[in-house]
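In: pasting the sequence and the predicted model now:
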Amino acid sequence: MATVRLVAGKGGVGKTTVASALALHAAGRGERVLLVSTDPTGALGQIFPGVGDEVREVAPGLEVVELTRRAVLARWRERFGEEVYRVLRSLLPVERDVLDYLEGVPGLEEEFLLSYLLDALDSGRYDRVVWDAAPTAGTLALLEAQALFYDHLTQAHRLYLKLQGYLKGADPTPLIEGWRALTGRILAMLRERTRAWVVAQPERLPVVQGLGLMAALDRFGIALERAVLNRVLPEDACPGCAFYEAKAREQRRWARRWREGSPVPVRELPEFAAAPLEPRALEAVARRLVAEPKGDPRA
C-alpha cells in the first residue's frame with residue numbers, strides 16, 4: 001500500500017531539504033515518488049527550479065508539485081462546484097459567483113488540499129508520497145480543520161434531515177454525504193497510512209515547538225517515525241573561538257533536550273558550509289537520515 005511520509009516542523013528548520021533528500025533517496029531505490037509541498041513559502045523551487053502547481057518529473061521516478069491555494073480551490077470547483085451551485089440555486093436566488101464566497105468556508109481548502117494526497121495514493125501511480133508540510137502552526141491547523149469539518153458535516157446532515165420537510169428544491173444529502181465520506185477517508189489516510197518526520201534545529205524555539213508538534217501528532221493519531229536535528233555545529237571546528245564555543249554549548253543543551261523528549265529515534269545533520277541543494281549533496285543528507293542508529297536508539 002502506498003504511504004505518506006510527512007515532514008513537519010517550525011519554519012526555516014530545513015523541512016524542505018529533508019523532504020527533498022528523502023524523496024530523491026526513495027526514487028533512487030526504485031520507488032515511484034511524489035514530492036508535494038503545501039508550505040506557502042514555496043521553497044521547493046530553490047531545489048528543483050521551475051516547479052509549480054503542476055506535477056513535474058525532476059528525476060527518474062520522482063515527480064514534484066507545489067500546491068497553491070489557487071490550485072486547491074480550482075480542484076474544489078471542478079469536483080463539487082456545479083453540484084453546490086445547483087443545490088443553492090434551488091433554494092435561493094443566487095448567481096454563480098456565490099461559489100467565490102463559499103471558497104472561504106473553514107476547512108474547505110484544507111479538505112481538498114489533503115484530498116490531493118489521498119488521490120495520489122489511490123491512483124496506483126506512486127509507491128510513496130513525501131509531504132513537505134507548512135510550518136508548525138499551519139500543519140496543526142490543517143489537521144484540526146479536518147476533524148472539525150467532519151463533525152460539521154455530520155451535524156449538517158442531521159440538521160437537513162430535520163428540515164427537509166420544510167425545504168423544497170434539490171436534495172443536498174448526496175453532496176453532504178459525499179464530503180463527509182471524503183473527509184472520513186482523509187482522516188483514515190492520516191491515521192493509518194502516514195508516518196511523520198519532525199525537524200528542528202538545536203535552539204530553544206524550534207526544539208520546544210518540535211516536541212509540542214510530536215505530542216500533537218501523536219494525539220491526532222499520526223504515527224511518528226523519526227525526529228531530525230538539523231544544522232548541528234561540529235564541536236571542534238573552531239578551537240579557541242569564544243563565540244563559536246558558546247554557541248556550540250547552547251546547541252548541545254537543546255540537542256540533549258531534543259533527544260530526551262523525542263519518543264522516536266533522532267537523526268542529526270551537521271551545519272553545511274553551503275546549502276545542500278544539488279542531488280549529490282541531498283543524497284549525502286539522505287544517507288545520514290536513513291542510517292541505522294548505533295548504540296542509543298535515539299542517538
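Out: Okay, I see it.

In: next, count neighbours for Ala21.
Out: 27 (other Cβ atoms under 10 Å). Every C-beta, even on glycine, is put in place using the N, C-alpha and C of the backbone.

In: what's the closest non-adjacent residue to Leu190?
Out: With sequence-adjacent residues excluded and distances taken as Cβ to Cβ, 6 or more residues apart in numbering, Leu190 is closest to Ile222, at 5.7 Å.

In: against Leu282, how distant is Arg231?
Out: 15 Å (Cβ to Cβ, to the nearest Å).

In: if you could redo that for Tyr116, that was the one I meant.
Out: Taken as Cβ to Cβ, the span from Tyr116 to Leu282 is 24 Å.

In: which strand runs longest in this protein?
Out: The longest strand of the chain (DSSP state E) is strand 223-232.

In: list the helices and strands that one packs on?
Out: If contacts are counted by 3 or more Cβ pairs under 8 Å, 6 or more residues apart in numbering; DSSP states H and E, strand 223-232 sits against helix 15-28, strand 194-200, helix 204-220, helix 242-261, strand 266-270.

In: rebuild the ones you listed as JSON lines, extending it with distance to Leu187 and mean pLDDT.
Out: Output for the helices and strands packed on strand 223-232, formatted as JSON lines (distance: least, Cβ to Cβ, whole Å; pLDDT from 0 to 100):
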{"stretch": "helix 15-28", "distance to Leu187": "22", "mean pLDDT": "95"}
{"stretch": "strand 194-200", "distance to Leu187": "10", "mean pLDDT": "97"}
{"stretch": "helix 204-220", "distance to Leu187": "9", "mean pLDDT": "94"}
{"stretch": "helix 242-261", "distance to Leu187": "27", "mean pLDDT": "93"}
{"stretch": "strand 266-270", "distance to Leu187": "28", "mean pLDDT": "94"}
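
In: just the pLDDT for Pro222.
Out: Quick fix: residue 222 reads Ile, not Pro. Reported pLDDT at Ile222 in the predicted model: 94.

In: pretty sure it sits against Leu6.
Out: Yes: Ile222 is within contact range of Leu6, at 6.9 Å (criterion: Cβ atoms under 8 Å).

In: more neighbours: which of these two?
Out: Shown here are Ile222 and Leu6; by other Cβ under 10 Å, Leu6 has more neighbours (25 against 21).

In: tell me what the helix or strand hosting that one is packed against?
Out: Per DSSP states H and E, Leu6 falls inside strand 3-9. Here strand 3-9 is seen to pack against helix 15-28, helix 108-122, strand 128-132, helix 136-163, strand 194-200, helix 204-220 when contacts are counted using 3+ Cβ pairs under 8 Å, 6+ apart.

In: do you know which of the ones you listed lies nearest Cys238?
Out: Cys238 lies closest to helix 204-220 among these, at 22.3 Å (Cβ to Cβ).

In: list the buried residues of that closest one.
Out: 206-211, 213-214, 216-217, 220 (16 or more other Cβ atoms under 10 Å).

In: before we move on, back to that, dump the helices and strands packed on strand 223-232 into CSV; add distance to Val55 as well.
Out: Listed next are those as CSV, based on distance: least, Cβ to Cβ, whole Å:
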stretch, distance to Val55
helix 15-28, 13
strand 194-200, 20
helix 204-220, 27
helix 242-261, 35
strand 266-270, 28
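
In: and these: which comes nearest Arg226?
Out: Closest among those, using Cβ to Cβ: strand 194-200, at 4.7 Å.

In: one step back: which residues do Ile222 and Leu6 both contact?
Out: 194-196 (Cβ atoms under 8 Å, 6 or more residues apart in numbering).

In: look at Leu148 and report its pLDDT.
Out: At Leu148, pLDDT is 63.
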